[in-house]
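Enquirer: using only what follows, build the 3D model:
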Amino acid sequence: MAHISVTIITYNEEHRIEACLKSLQDIADEIIVVDSFSTDRTVEICNAYGCKVTQRRFPGYGAQRQYATSLTSYSYVLSIDADEVLSPALRSSLIKLKEEGFAHRVYEMSRLNFYCGQPVKHCGWYPDIQIRLFDKRYANWNLRDLSERVIFPDSLKPVLLDGDILHYRCSTPDEYRKVQNRHAALSSDIIKARRSAVPFFTPYIKGVKAFLECYISKGAILDGPEGRAISRESYRTAYMAYDLARRSLRKKQQ
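Expert: Numbers count the residues shown, from 1 in each chain. Now for the predicted structure:
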């Protein structure tokens, strides 16, 4: 029987974390939780499920995921978020892997994203292939604040597992907006590090481009009201990221 360490990074996830942990039963030989000082019952719930909880200031997604990986006991690591649940088909795939042993170093899986309880099949949200199971001796997370990913030698080819990660992004539009606000702030920091100035019209251009890419190019138009809402948030997030960067860079020049 092969062993799997599971890593989860958390912050105020008391309403979601239990469903995530239940889906890991019979799969996780240990669960490493790195919590960014939650103020709700997240840590209490994780402790009740026997997780190994460490609290650490959030430095960015890539760095936090890599830190969680560094705490694991076993070579194979499954990374999952607190708002994600393993589908029955994916659970079966992982249990079979544990029984038969790992034939590959890196595994990928599709992710089905939900917006306010509705599955979204377009908007670039599906199949949303994710590399989440890997041998940490050959692969690890990069340290990017956003768009973090598992990196590994070109000689390794990821193998797709059957089943989906079910990603419950938000329960309400306001909750989704709050998450996007955090992403915009992180993106703004990246923009500021790369540019000396942002012209006045750039936030509008980037916002419109993000909307059209989501609504037209990625097929959000086929997702009805959810697709329109997601596309509008794509506009707002891109606009906000560049506008925050523009204002900050202007202050530095004054």
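Enquirer: how far away is Arg105 from Leu133?
Expert: 10 Å (CB to CB, to the nearest Å). From N, CA and C alone the C-beta is placed, and that goes for glycine too.
Enquirer: higher neighbour count, the two?
Expert: Neighbours were counted for Arg105 and for Leu133 using other CB atoms under 10 Å; Leu133 has more, 27 against 21.
Enquirer: can you tell me the closest non-neighbouring residue to Lys52?
Expert: Ile32 (5.3 Å; CB to CB, 6 or more residues apart in numbering).
Enquirer: what residues go with each domain of the protein?
Expert: Following automatic domain parsing, one finds the domains of the chain at 5-170, 173-253.
Enquirer: quick one: the helices in the stretch 101-250 of the chain, in order.
Expert: 173-194, 202-212, 224-253 (DSSP state H, counting those that start in this stretch).
Enquirer: packing partners of the last one?
Expert: It stands for helix 224-253. strand 106-115, helix 173-194, helix 202-212 (3 or more CB pairs under 8 Å, 6 or more residues apart in numbering; DSSP states H and E).
Enquirer: elements contacting the shortest one?
Expert: Right, the one you point to is strand 106-115. If contacts are counted by 3+ CB pairs under 8 Å, 6+ apart, strand 106-115 sits against helix 88-100, strand 130-135, strand 159-170, helix 224-253.
Enquirer: hmm, who's touching that strand?
Expert: 84, 87, 90, 93, 97, 119-120, 125-135, 138-139, 150, 152, 156-161, 163-170, 176, 226, 229-230 (CB atoms under 8 Å, 6 or more residues apart in numbering).
Enquirer: then the last one?
Expert: Applying CB under 8 Å, 6+ apart, the set of residues contacting helix 202-212 from outside is 231-232, 234-243, 246.
Enquirer: my guess is Leu244 contacts Ser188. True?
Expert: Yes - in terms of CB atoms under 8 Å, Leu244 counts as a neighbour of Ser188; the distance is 3.9 Å.
Enquirer: how about the helices and strands packed on strand 106-115, which one is nearest Ala193?
Expert: helix 224-253 (9.3 Å; CB to CB).
Enquirer: centre of the chain to the closest one, how far?
Expert: In this view, helix 224-253 has its centroid 19 Å away from the chain centroid, taken as CA atoms, centre = their mean, to the nearest Å.
Enquirer: show me what counts as buried in that helix.
Expert: By neighbour count on 16 or more other CB atoms under 10 Å, the buried set for helix 224-253 is 226-227, 229-246, 249.
Enquirer: look up the residues forming beta bridges with the closest residue to Pro119 other than its chain neighbours.
Expert: Closest residue to Pro119 apart from its sequence neighbours, by CB to CB, 6+ apart: Leu112 at 5.7 Å. Leu112 has the following beta-bridge partners by DSSP bridges: Leu166.
Enquirer: burial check on Leu112, number of neighbours?
Expert: Counted with other CB under 10 Å, Leu112 comes out at 19.
Enquirer: quick one: it and Lys96, what's the gap?
Expert: In this view, Leu112 and Lys96 are 20 Å apart by CB to CB.
Enquirer: ok so, going back, which one of the helices and strands packed on helix 224-253 is the most hemmed in?
Expert: Among the helices and strands packed on helix 224-253, ranked by average contacts under mean count of other CB atoms under 10 Å, first place goes to strand 106-115 (a mean of 20).
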